[in-house]
Each structure stands twice: as C-alpha cells, then as structure tokens.
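Trainee: Fold the following.
(chains A and B)
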Protein chains: 2
Amino acid sequence: MSNALQSPPHRAVVEHLVRQQVYARLGKPLPRSAASPNPLVVNVSARHCHLTPEAVEALFGKGHQLQVHKWLYQEGQFAAKETLTLIGPRSRVISNLRILGPCRNLNQVELAYTDGIALGFELPHRISGDIKGTLGCMLMGPAGFFEMEQGVIRAMRHVHMHPTDAEYFGVKAGESMKLKIGGEAGLILDKMLCRVDPAFKLEVHIDTDEGNACNLQPDTPCELIK
Amino acid sequence: MSNALQSPPHRAVVEHLVRQQVYARLGKPLPRSAASPNPLVVNVSARHCHLTPEAVEALFGKGHQLQVHKWLYQEGQFAAKETLTLIGPRSRVISNLRILGPCRNLNQVELAYTDGIALGFELPHRISGDIKGTLGCMLMGPAGFFEMEQGVIRAMRHVHMHPTDAEYFGVKAGESMKLKIGGEAGLILDKMLCRVDPAFKLEVHIDTDEGNACNLQPDTPCELIK
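Mentor: Have a look, this model is predicted:
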C-alpha cells in the first residue's frame, strides 16, 4: 500500500552485530562497547513539529491523515510527507517544516538555536512535552492556518532507552548521561536526559546545532558515559 | 579621529579582577579559577574573512584601507566596517560577510558548518592559515570581484595564549586543551588547539555552531582543562 522509505539499517546497528559475531567466532571476550545489549544509534533531529489531529485537519483539510514519508528508528514513528510553513512572532518564516507522525495530544515545534536566531527570538530550552509558558507561532498549511498558543521550543538532548539499556548503563529515567563524540571536532555533550520505556530502542537525539558543532558523520565514534 | 566602538571590558575580565580583589581583602587563598594570571575570555567568532591588501583594493577600490567598526579582544585586531558578498561554488550566496582587519598575507574565509550546508558543499576543517588544497569562492565588493582560488574553511577551535598562560596551564604551542562549558546545554569541547604568542591575550575562539550547541551566554561558566 505505502511506498514509504524503509531505511536501511543504521550503520551502528550493523557494526554492533558484526562486532559481536567476530568476537564470538574468535572465541574472545567482548570489549565493553560490544557487550552492550543494544547498539548505540545517534541521530540528528532536524527541526520538526508534532501535531494534534485537530491541527492536521485545520492545516490539511477535514479528515486528513498524515502520510508516511520515511520510517524513523523508534518503532511506529515517521517523518510525514506533509510539511508546513511556520510564521514566528516577528513575522519571520521557516518553510518546509517537517511534521513527525503519528499525531500526539499536543502541538510542539522543535527548533535549533540557530533557527531561533533566524526567527528573532530566544527559544526556551525544554524537555519535549514541557511547553507551558512558551511562545507560540502561526502554522500555515495548504488548507488553512492553525495558531499554536504555545509550544515552540529547543528540545533538550536526550537518549531513548529500553529498560535493558538503562540497567546496563546503571541509570534511571530522568537521570542524565554524557555522550562522547569523537573525530577531529570531538566533544562531550553533558546533561543527556535518559528517557526509559519498554517501547524504546537505544537512540540519542541531538539537534542540528549539536550535530554541526562536532561535524557528526555516520562513521563518527560515539559513546554513552554515565 | 575614529568613532570605532571601543567595547566595554569583557565580563570575564571584570569578574576575574573582582574575584582577585575580594579574596585579597578577605585574606583568603585564591581558588584555582581566580589564581590564573589572566581571565579566560571565550568568544564566538561569527563567519568572517581575512584579506590581502590586493584583495581589498580589487573589492573596494584602489588605495582603499579597511576602516575600524569595532576593536576585538586581541590587540590591534578589528572587525571592519566593510562587508562582502560571497558567491560559493554552487552559485549560492552569503551576504554581509564581515572582514576582519588588519590585512594579512593570505585570503581566508572562515565559516561554520551550517554555512557550508547552506552553500552546498562540505567545508574542510583546518587550522587557520592552512588552506592548501581547499576550495575557493568568488568575493563581490562595491568596486569589483575578487576570485579566491582557495581558502574557504571551517577554522578549528583554538585558544590564544600568552606564554604566561601556557606555562600556567602546562601546555605548549600546538598542543590541545579542552573547554568545559557549563549551563543547561553544557558540553566539553575537545581538541582546542593552543596558539601561544607574546602578543596574545588569553581567549578561546569557537564558531557559531559550537556557541549555539551550548547556548553560550555572557554569564555561562567556562573552564580550560588540560
């Protein structure tokens, strides 16, 4: 039915499997990086928004359902084919803002700090979902406008974890870890919020500012540190 | 003669002086952060270029001298009043590119990785001055064009140090340090190149991607670590 892109496995997933197989064949003990139950996937989240069904209808028409453009690493999450135009509080515009599906019970726009500079206001730095008291914006779609009263944020860097990952790393939901990123522009990101759920696969989400600061590439080594 | 902006002292400079005075009055020993011979100033370098006198003449007219818009922290360095238009290899444009003075003996454009994405090519990550084999661009000024054969880079993060600073931190020119940046989006920047010269004042230069990744503000605590 759908011709949505099913992404090939993430490089980190393939590496993890190959590393475990190679050590098993050699009969050698696994080094710590290969002994973790799951591969560490680090993805850069470009700016995007989450919408309620009501917002989707206002923007794209009565009864409209978001269509899958590309499946994401977290089960059931997808980048939608639909994009929006965002009009900020100073009438500056961001075009082609990607919508992530499925719909949620709140409207939230997640931008990088660089986007905030382009829009001319300072983004509050929040845990996703914690949008109380933040600025809103106007969204424009092909079928109409939708005014978001609040919800334009910079999302805090975070790591999705299955409970087995949390146990392996010795952390609990709401605690923080660090992410060490190698390469010639290497850095260590502090205060990486742990989000733990049986539905989650181990995945770090950083934004484009963070990804560009360290020039994160598919083969850049990454390590989670407590 | 000049109405150039003489910046007020950097917050880090004032803090350092006050801290030293307060501890002296209290007759207490200085904590390590206050015991350093010089304050640590961390500045974000927005995209800019350095030009030869020949390039300045081609762009702004015969005999043109760069005018001071604002003095920078390093002695004698300034942001010029003059700006340029840069035309990249895929005909994409960056307007209002600031020139830093005084003139040098090479032409170099320093951009953030985000700018490279906007221009549509991957910036080489280089130590300032090491431009061999890099891509060039076309520069456009009010009096004409100037073709740079090479020299469009992302400059590696670095710290300017007086020899007394290098001695205090126990590092030599060409070695690396780390910069720990606090705050709620805190991080540690690895591979901060040490540049040592008797003419230098202690100052870290990071680019806008790095500054935005950690939301660096004037009051964000920063610490150099070996």
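Trainee: so which helix or strand takes in the residue nearest to residue A:20 when sequence neighbours are not counted?
Mentor: Closest residue to residue A:20 apart from its sequence neighbours, by C-beta to C-beta, 6 or more residues apart in numbering or on different chains: residue A:34 at 5.7 Å. Where you see a C-beta, it was placed from the backbone N, CA and C, and this is true even at glycine. Assigned by DSSP states H and E, residue A:34 belongs to helix A:32-35.
Trainee: mean confidence score for the longest helix along chain A?
Mentor: For chain A, the helix that runs over the most residues, judged by DSSP state H, is helix A:11-26. Helix A:11-26 carries an average pLDDT of 85.
Trainee: Report all helices and strands that it contacts.
Mentor: Judged by 3 or more C-beta pairs under 8 Å, 6 or more residues apart in numbering or on different chains; DSSP states H and E, the packing partners of helix A:11-26 are helix A:32-35, strand A:41-45.
Trainee: Mean pLDDT lowest where, among these?
Mentor: Among the helices and strands packed on helix A:11-26, helix A:32-35 scores lowest, at a mean of 72.
Trainee: Would you mind listing the buried residues in that one?
Mentor: Neighbour-count burial for helix A:32-35 flags residue A:34 (criterion: 16 or more other C-beta atoms under 10 Å in any protein chain shown).
Trainee: Contacts only, for the residue nearest to residue A:51 when sequence neighbours are not counted.
Mentor: With sequence-adjacent residues excluded and distances taken as C-beta to C-beta, 6+ apart, residue A:51 is closest to residue A:107, at 5.5 Å. Residues in contact with residue A:107 (C-beta atoms under 8 Å, 6 or more residues apart in numbering or on different chains) are A:49, A:50, A:51, A:52, A:55, A:146, A:148, A:151.
Trainee: Chain A against chain B: which residues are in contact?
Mentor: Chain A has residues A:112-114, A:117, A:125, A:154, A:156-157, A:184-191, A:208-210, A:212-215 near chain B, with proximity defined as C-beta under 8 Å from any C-beta of the partner chain.
Trainee: Drop anything exposed from these.
Mentor: Burial by neighbour count, 16+ other C-beta under 10 Å: within the residues of chain A next to chain B this picks out A:112-114, A:154, A:156-157, A:185-191, A:208-210, A:212-215.
Trainee: how close does the residue nearest to residue A:20 sit to chain B?
Mentor: Note on residue A:34: its distance to chain B, by C-beta to the nearest C-beta, to the nearest Å, is 23 Å.
Trainee: tell me the pLDDT at residue A:7?
Mentor: 72.
Trainee: That one contacts residue A:70, correct?
Mentor: Yes: if you go by C-beta atoms under 8 Å, residue A:7 and residue A:70 touch, sitting 6.4 Å apart.
Trainee: And those two? Which one has more around it.
Mentor: Neighbour totals were compared for residue A:7 and residue A:70, and residue A:70 leads with 13 against 10 (other C-beta atoms under 10 Å in any protein chain shown).
Trainee: Check which helices and strands the helix or strand where that one lies is in contact with.
Mentor: Following DSSP H and E, one finds residue A:70 within strand A:68-71. Taking 3+ C-beta pairs under 8 Å, 6+ apart as contact, the helices and strands that strand A:68-71 lies on are strand A:78-87.
Trainee: Beyond the strand it packs on, next helix or strand please.
Mentor: Next helix or strand after strand A:78-87 toward the C-terminus (DSSP H and E): strand A:93-101.
Trainee: Check what contacts that next one and list those residues.
Mentor: Residues external to strand A:93-101 that are found in contact with it (C-beta under 8 Å, 6+ apart): A:46-51, A:56, A:66, A:68, A:72, A:77-80, A:82-88, A:109, A:111, A:115, A:118-119, A:139.
Trainee: Quick check on those residues: which are buried?
Mentor: A:47-51, A:56, A:66, A:68, A:72, A:78-80, A:82-88, A:109, A:111, A:115, A:119, A:139.
Trainee: residue ranges with poor pLDDT in chain A?
Mentor: Applying pLDDT under 70 to chain A picks out residues A:1-6, A:33.
Trainee: Skipping adjacent residues, who's closest to residue A:173 in space?
Mentor: residue A:196 (4.0 Å).
Trainee: how near is the nearest residue to residue A:11 once chain neighbours are set aside to chain B?
Mentor: Excluding the flanking residues, the one nearest residue A:11 by C-beta to C-beta, 6+ apart is residue A:218, at 4.9 Å. Counting by C-beta to the nearest C-beta, the gap from residue A:218 to chain B is 14 Å.
Trainee: quick one: residue A:218 and residue A:14 touch, right?
Mentor: No: assessed by C-beta under 8 Å, residue A:218 is found out of contact with residue A:14, at 10.6 Å.
Trainee: Give me the more crowded residue out of these two.
Mentor: The neighbour comparison of residue A:218 against residue A:14 (other C-beta under 10 Å) goes to residue A:14, with 12 against 8.
Trainee: mind listing what residue A:87 touches?
Mentor: The contact partners of residue A:87, taken as C-beta under 8 Å, 6+ apart, are A:93, A:137, A:138, A:139, A:140.
Trainee: give me that answer again for 7 Å
Mentor: Residues in contact with residue A:87 (C-beta atoms under 7 Å, 6 or more residues apart in numbering or on different chains) are A:93, A:137, A:138, A:140.
Trainee: who touches the residue of chain A most remote from its centre in this structure?
Mentor: Within chain A, residue A:27 marks the point farthest from the mean C-alpha position, 37.2 Å out by C-alpha atoms, centre = their mean. Taking C-beta under 7 Å, 6+ apart, we find residue A:27 in contact with no residue.
Trainee: Can you give me the first-to-last residue distance of stretch A:84-101?
Mentor: In stretch A:84-101, first residue to last residue: 13 Å (C-alpha to C-alpha, to the nearest Å).
Trainee: the helices in chain A, which residues?
Mentor: Using DSSP H, helices in chain A cover A:11-26, A:32-35, A:53-60, A:113-119, A:163-169, A:208-213.
Trainee: With distance to residue B:200 as extra columns, can I get the ones you listed in CSV?
Mentor: Below are the helices of chain A laid out as CSV (distance: least, C-beta to C-beta, whole Å):
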stretch, distance to residue B:200
helix A:11-26, 41
helix A:32-35, 40
helix A:53-60, 54
helix A:113-119, 29
helix A:163-169, 42
helix A:208-213, 24
